[in-house]
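structure for the following, please:
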Amino acid sequence: MKKTLCVLALTFAVVAPAFADDAKTIAQRLDDKWIEAFNKKDAAALTALYTADAVLLPQGVDQPIVGTENIRKFMDQMVKEKLENMVLPVAQATMIDPNSLYQAGTWTADAGGQQIKGTYLSVVVQDGSNWKYRADTWNMMPPPPATTGSASTNK
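Just a heads-up that it's a prediction; the model follows:
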């Protein structure tokens, strides 16, 4: 009996930290990785934060961007944007089940001497041992003026 209790206690001690993080902590850690990759202009690292079947719906894009290859193409273009000092705080995050959550918040960045901002909503899932974005959408408030050739690609 003592041996069983010891095994259970040790198992709980090892497993409990994995469940100790709340949705907001998990979401903010992933968003911090996103900001770090964005600041480094690392499209590959940004793409790696999304599941293979992820869907992006960014501001100004008329069709969903689906899957790793298409997300990478999008990220290659996005890192060329002249954005600095991006901030991506999590306002709300809720666990859907033990392996998925949704988060919502605001973002801000400096673009050409002016501050721009918007909102975002993401679905995050556990993919192996990592948390990744499965669905990610964001907008700019107020929306940018219509231009030809370039859509706003901020998160």
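
contacts for the longest strand seen in the chain, please.
In the chain, taking DSSP state E as the definition, the longest strand is strand 114-127. Outside strand 114-127, the residues that touch it by CB atoms under 8 Å, 6 or more residues apart in numbering are 26-27, 30, 51, 59, 83, 88, 96, 98-110, 131-141, 144, 154-155. Bear in mind the C-beta positions are built from the backbone N, C-alpha and C, glycine included.

one more time with 7 Å, if that's ok
Residues outside strand 114-127 that contact it (CB atoms under 7 Å, 6 or more residues apart in numbering) are 26-27, 30, 51, 59, 99-109, 131-141, 154-155.

from residue 121, how far off is residue 93?
Computed as CB to CB, to the nearest Å, the residue 93 to residue 121 distance reads 11 Å.

what about those two, which has more around it?
Here residue 93 and residue 121 are compared on neighbour count by other CB atoms under 10 Å; more neighbours surround residue 93, at 21 against 15.

what about the more buried one, which helix or strand?
strand 90-97 (DSSP states H and E).
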